[in-house]
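Asks: pasting the structure only:
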């Protein structure tokens, strides 16, 4: 398995089939914050993301946000809005925060998926932790300057469609 190859590609987090996750034995969805569930240019989760989160929760799947964002108050506010636990200052691609999130929720790596919009943080961290990874398109073109550089490399290695 390549560290930079996701288990699956989807257009958006809302395109991830909740019933399929249940059938695969997924008990926890780990997810990134910025441009995965919260567009960087708005700071708030869209209604369709909130509805998807509700469907995940109704299916009995736990939720945990794993974010590199170091603005603790913003990240915790988003987690509260989404009704989930959070690990911030994650330092992805290091797998330690993913492992901590699994421990917080009480699931094994094989029982989780990690959904994110970046190959060199989200996908690598999930793969290093032994979690299935789903790469989604970023919700917004607004990003940190260095993330724009990473996106060039994502395209160069063919990580996106």
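Replies: In hand now; what should we look at? For clarity, every value in this text was computed on a predicted model and none was experimentally measured.

Asks: quick one: buried residues of stretch 73-81?
Replies: Neighbour-count burial for stretch 73-81, with 16 or more other C-beta atoms under 10 Å as criterion, is recorded at 74-75, 78-79. From N, CA and C alone the C-beta is placed, and that goes for glycine too.

Asks: In helices, which of the residues you listed appear?
Replies: 74-75, 78-79 (DSSP state H).

Asks: Which stretches in the chain count as strands?
Replies: With DSSP state E applied, the chain shows strands at 8-10, 28-31, 62-66, 85-87, 112-116, 132-136, listed in chain order.

Asks: Report the distance from the first one to the chain centre.
Replies: Going back to what we said before, that points to strand 8-10. Once both centres are worked out by C-alpha atoms, centre = their mean, to the nearest Å, strand 8-10 turns out to sit 12 Å from its chain's centre.

Asks: just checking, what packs against it?
Replies: Identification of packing neighbours for strand 8-10 by 3 or more C-beta pairs under 8 Å, 6 or more residues apart in numbering; DSSP states H and E yields strand 132-136.

Asks: give me the low-pLDDT residue ranges for this protein?
Replies: Counting by pLDDT under 70, the chain contains low-confidence residues at 1, 139-153, 156, 160-161.

Asks: what sits against the one residue sitting closest to the centre of the chain?
Replies: In the chain, the centroid-proximal residue (C-alpha atoms, centre = their mean) is residue 31; its distance is 2.5 Å. With contacts defined as C-beta atoms under 8 Å, 6 or more residues apart in numbering, residue 31 is in contact with 13, 37, 63-66, 114-116.
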